[in-house]
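*Asks:* Got a predicted model here, sequence first, then my questions.
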Amino acid sequence: MTQPQPIRVAVARDREAWNSYVAAAGGSVLQSWQWAEFKRRQGWRVVRLVALRDGSPVAAIQVLVRSAPFLGAFFYAAEGPVLAPDAWRGDPAGLAALLKEVRRRGRVAGALVLRVDPLIDAGGAPARLAGLGFERSPSDVQPAATAVVDLDKTEEQLWRALARDARYRIGRARREGVVLRPGTDADVDAFADMLADTGKRKGFGVRGASYVYDLTAMLRDRDSGAFLIAMQGDEAVGATIVTTFGQRAASLYTASNAQGRTVGAQHVLHWEAMLEAKRAGCAMYDFRGVATTGDASGHWSGLTFFKQRFGTRHEDLAGAWDDVYRPLAFRAFLQAQSARRDLPRLLQRLRARNTPETTPPASDASTQDSPVPASSDST
């Protein structure tokens, strides 16, 4: 009987070969070559490794590396590692060899941890990662569940799959004169302001104008997505950033101003982005970021309701997992991170105590303009 060939782990140096494998295996733009080059501009270093058998890739991982002051480096594989979905339940040798090499490099670099959040369902991946020494992370970086529209349908079928209220909102936006156009560098500041307003209202961390500028430039230069602006007359009332990579289009950031929320700009933005993704040959449109099955916190309820209006199917993902290299230092890092995260909430509560009580505005659960996923380094 033929013995399986040994696995060899190598540094990836060929952009086209890397992107070809990642796309074929169902990976996202966050594991693409161009994403890491964009993240370099944000101060991250990059390690790309591929596990090979007989010269062919069987697993790959793109690790972003950043140093935490006084503590050490943080290794993070955004929506990685990448291997074919059936491989998660099959031969573990490629994945094990790949992660073993990352662990070796991490310890040499004095890293605290490798955090991964593979873009795979919650079926076999968690057990595989636990068997390789990983533990569930105390918090997720990428959303742990998503809502996806399969685009292998006609435009009419996609339209009929929309909830009635979503069709109404899209129709209203069009009647109100909302039209879409490609975004330019001149639109970045206005979009960043919309994101900042959204973050303040929804309690999400947001990206600033310089980040959005670099991101949209990368998408444009590498033909990896679109920056769309919703206009009503001469006013930009909403915008979205959608990535495309392989068979997957994904909504990274969507925001609108008050007028945009009134006329349904975000509905028409997503609808047109879905159609554009279909025309580009994508098989799915990923809304990103909904409540996991059984989540009773209510944190994601409004976003989940909104995204369900588009005929989505729900996917629980594996979530974030940690391979901890230095437990004591990592615990200190988590405590510092928690304090940093909790400080704005504490200040907000203190300000509220000194502010005369007012009646809060009614919430609109059907309005989705949250800049998901904006976290410590989600995107």
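*Replies:* Now that the structure is in, tell me what you want to look at.

*Asks:* C-alpha from now on. contacts and neighbour counts both.
*Replies:* Will do.

*Asks:* for residue 111, phi and psi?
*Replies:* phi -70, psi 150 (degrees, to the nearest 10).

*Asks:* thought it was touching residue 72?
*Replies:* Yes. Residue 111 lies in contact with residue 72 (CA atoms under 8 Å); the separation is 5.4 Å.

*Asks:* between the two, which one's more packed in?
*Replies:* For the pair residue 111 and residue 72, the greater number of neighbours falls to residue 111 (24 against 18), based on other CA atoms under 10 Å.

*Asks:* and that one, what does it touch?
*Replies:* 72, 73, 74, 75, 325, 326 (CA atoms under 8 Å, 6 or more residues apart in numbering).

*Asks:* Try it again at 6 Å.
*Replies:* 72, 73, 74 (CA atoms under 6 Å, 6 or more residues apart in numbering).

*Asks:* shaky segments in the stretch 201-350 of the chain?
*Replies:* 342-350 (pLDDT under 70).

*Asks:* three-state assignment of residue 215?
*Replies:* Classification of residue 215 using DSSP: H, G, I helix; E, B strand; the rest coil returns helix.

*Asks:* Number of residues surrounding it?
*Replies:* 20.

*Asks:* what's the domain layout of the chain?
*Replies:* 8-143+317-325, 146-316 (automatic domain parsing).

*Asks:* Take those domains and lay them out in a markdown table including distance to residue 339.
*Replies:* Formatted as a markdown table, the domains of the chain follow (distance: least, CA to CA, whole Å):
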| stretch | distance to residue 339 |
| --- | --- |
| domain 8-143+317-325 | 14 |
| domain 146-316 | 15 |
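
*Asks:* Export the contacts of residue 111 as JSON lines, with columns for pLDDT and secondary structure.
*Replies:* Putting the contacts of residue 111 into JSON lines (pLDDT from 0 to 100; DSSP: H, G, I helix; E, B strand; the rest coil) gives the following:
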{"residue": "72", "pLDDT": "88", "secondary structure": "strand"}
{"residue": "73", "pLDDT": "93", "secondary structure": "strand"}
{"residue": "74", "pLDDT": "95", "secondary structure": "strand"}
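
*Asks:* my guess is residue 291 meets residue 300, correct?
*Replies:* Yes. In terms of CA atoms under 6 Å, residue 291 counts as a neighbour of residue 300; the distance is 5.0 Å.

*Asks:* what about these two, which has more around it?
*Replies:* residue 291 (24 against 14).

*Asks:* Pull the contacting residues for that one.
*Replies:* Neighbours of residue 291 in contact, by CA under 6 Å, 6+ apart: residue 300.

*Asks:* element containing it, please.
*Replies:* Under DSSP states H and E, no helix or strand contains residue 291.

*Asks:* And it, how far from residue 16?
*Replies:* Separation of residue 291 from residue 16 (CA to CA, to the nearest Å): 35 Å.

*Asks:* With residue 134 instead?
*Replies:* 31 Å.

*Asks:* In terms of neighbours, single out the busier of these two.
*Replies:* residue 134 (19 against 11).

*Asks:* my read: that one touches residue 322, true?
*Replies:* Yes. In this structure, residue 134 is within contact of residue 322 by CA under 6 Å, at 5.2 Å.

*Asks:* so what sits against both of these two?
*Replies:* Joint contacts of residue 134 and residue 322 (CA under 6 Å, 6+ apart) do not exist.

*Asks:* Show me the strands in the stretch 151-300 of the chain, by range?
*Replies:* 178-182, 225-232, 235-245, 248-256, 284-286 (DSSP state E, counting those that start in this stretch).

*Asks:* got the buried residues for stretch 207-216?
*Replies:* Across stretch 207-216, burial judged by 16 or more other CA atoms under 10 Å covers 207, 209, 211, 212, 213, 214, 215, 216.

*Asks:* May I have it as CSV, with CA atoms only?
*Replies:* The C-alpha coordinates for stretch 207-216 follow below in CSV (Å, rounded to 0.1, in the frame of the first residue of the first chain):
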residue,chain,number,x,y,z
ARG,A,207,-12.3,52.8,11.6
GLY,A,208,-11.0,56.3,10.9
ALA,A,209,-10.7,58.1,7.5
SER,A,210,-7.0,57.1,7.0
TYR,A,211,-7.9,53.4,7.3
VAL,A,212,-10.9,53.7,5.0
TYR,A,213,-8.7,55.5,2.5
ASP,A,214,-6.1,52.8,2.4
LEU,A,215,-8.7,50.1,2.3
THR,A,216,-10.6,51.5,-0.6
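
*Asks:* who's in contact with it?
*Replies:* 189, 192.

*Asks:* what do you get for stretch 158-169?
*Replies:* By CA under 6 Å, 6+ apart, stretch 158-169 touches 264, 309, 310, 311.

*Asks:* ok, now with 7 Å
*Replies:* With contact meaning CA atoms under 7 Å, 6 or more residues apart in numbering, stretch 158-169 is reached by 264, 267, 309, 310, 311.

*Asks:* Need those residues in CSV (columns: distance to residue 192 and neighbour count).
*Replies:* Putting the contacts of stretch 158-169 into CSV (distance: CA to CA, whole Å; neighbours: other CA atoms under 10 Å) gives the following:
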residue, distance to residue 192, neighbour count
264, 19, 26
267, 19, 28
309, 26, 17
310, 26, 26
311, 29, 18
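
*Asks:* Of all the residues in stretch 330-341, which ones are buried?
*Replies:* Buried residues in stretch 330-341 (16+ other CA under 10 Å): 330, 333.

*Asks:* Tell me the one of the buried residues of stretch 207-216 nearest residue 31?
*Replies:* residue 215 (14.7 Å; CA to CA).

*Asks:* Which secondary structure element is home to the nearest residue to residue 132 once chain neighbours are set aside?
*Replies:* Excluding the flanking residues, the one nearest residue 132 by CA to CA, 6 or more residues apart in numbering is residue 96, at 6.9 Å. According to DSSP H and E, residue 96 maps onto helix 93-108.
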